[in-house]
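Colleague: return a 3D structure for these sequence lines:
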Amino acid sequence: MNRGERGPGGGAVEGGTTADANLLHTNVQQFPDNQVIAESLREAAQHLEAQGANPFRVIAYLAAADTIANLDVDIRTLFDQGGTSALDALPRIGKGIAGAIAEMLITGRWHQLERLLGGDAYTGMFQAVPGIGPELAARIHDTLHVDTLEALELAARDGRLEQVEGIGPRRLAAIRAGLDDMLSRRRRWRNMRQRNPLPTEPPAPLLLEVDRIYRQKAAAGMLPTIAPRRLNPQNKAWLPVMHLTQDGWHFTALYSNTSRAHELGRTEDWVVLYFYNDAEEEGQRTVVTETRGPLIGKRVVRGRELECRTLYLTQGN
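Modeller: The predicted model follows:
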């Protein structure tokens with residue numbers, strides 16, 4: 001079925017056949033996971049387009065969404081039987097999108113979409129735990145200063161979590177059970193990612209150049225902004241986001257919106273760079289201004305400081 005035969009919500013419109021409409025209705029009823037994943041892909045494409053991302057990436061997500069929505073098999077069953085290779089073998093589904101689908105099926109979340117929506121990683125994770133809503137997720141973080149599911153599980157076991165307002169014995173039991181299930185699925189996803197790491201990363205000079213371009217454009221007000229869902233009580237669209245293709249790599253850059261960045265006043269210094277190659281395999285690095293040691297005052301890529309030091313020595317500055 002062609003994209004032109006489908007409405008914005010994926011339904012058949014005038015010009016489509018009755019068979020098309022019946023097939024879609026059957027797929028929605030029999031394979032709900034297919035439709036949820038297809039809609040997530042479409043939503044990501046919509047936000048990427050609005051933020052000026054690579055149009056080929058937008059088209060790829062829309063094409064993949066159509067493939068998943070029109071499958072006559074359950075995507076979860078397909079994945080359980082054949083892993084990411086079975087997903088990659090589907091028409092218009094590349095390795096990177098297959099990985100995104102696997103992430104959604106295993107964890108129930110998609111980090112990339114949350115990022116495009118201005119979401120915060122840990123509050124999104126906490127809200128996925130049965131018994132925890134948006135307000136409670138924020139209260140847990142602000143009270144206990146935990147940022148990961150592992151830290152939340154420890155708090156649930158050592159008595160700290162039940163001290164948070166709104167958590168009684170029944171809710172605590174539900175949270176513990178939910179955490180056990182979620183952490184099991186996360187370990188599966190982590191193991192899969194470790195077996196298939198990104199083979200290469202952009203060179204340090206390129207990461208520093210993208211960081212420079214982002215900060216320059218952000219300071220000049222040249223970038224679209226999104227409203228982070230966390231640490232943004234006025235729901236203000238203040239966080240600049242940049243999508244850029246450079247030297248065969250595709251980048252998304254934005255300032256860090258973590259509690260630590262806010263506490264240290266570094267929200268306009270720490271730049272998070274997400275990058276992917278032509279296979280859509282994504283990696284991440286953070287660029288900061290060094291505050292100590294021989295690189296003090298220089299922009300450095302966290303985890304790749306030695307490369308940055310060599311670069312600055314070579315440049316003679």
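
Colleague: show the contacting residues for the residue nearest to residue 270 when sequence neighbours are not counted.
Modeller: Distances taken as CB to CB, 6 or more residues apart in numbering place residue 256 nearest to residue 270, at 3.8 Å, with adjacent residues excluded. Every C-beta, even on glycine, is put in place using the N, C-alpha and C of the backbone. Residues near residue 256 by CB atoms under 8 Å, 6 or more residues apart in numbering: 266, 267, 270, 271, 272, 286.

Colleague: hmm, try it at 7 Å
Modeller: Counting by CB atoms under 7 Å, 6 or more residues apart in numbering, residue 256 touches 267, 270, 272, 286.

Colleague: how far away from the center of its chain is the strand or helix carrying the last one?
Modeller: With the criterion set as DSSP states H and E, the secondary-structure element containing residue 286 is strand 282-289. Per CA atoms, centre = their mean, to the nearest Å, the displacement of strand 282-289 from the mean C-alpha position of its chain is 14 Å.

Colleague: for stretch 46-64, same thing?
Modeller: On the basis of CA atoms, centre = their mean, stretch 46-64 sits 15 Å off its chain's mean C-alpha point.

Colleague: flag every buried residue along that stretch.
Modeller: Buried residues in stretch 46-64, defined by neighbour count with 16 or more other CB atoms under 10 Å: 47-49, 51, 53-54, 57-58, 60-64.

Colleague: likewise stretch 162-176?
Modeller: 164, 167, 171, 172, 175, 176.

Colleague: quick one, strands of this protein?
Modeller: Listed in chain order, the strands of the chain (DSSP state E) span 225-226, 239-246, 249-255, 271-276, 282-289, 299-301.

Colleague: how about residues contacting the second one?
Modeller: Yep, that's strand 239-246 we're talking about. 48, 51-54, 118, 206, 210, 213-214, 217-218, 223-226, 228, 251-255, 257.

Colleague: from those, keep the buried residues only.
Modeller: Here, 16+ other CB under 10 Å leaves 48, 51, 53-54, 118, 206, 210, 214, 218, 223, 225-226, 228, 251-255, 257 buried among the contacts of strand 239-246.
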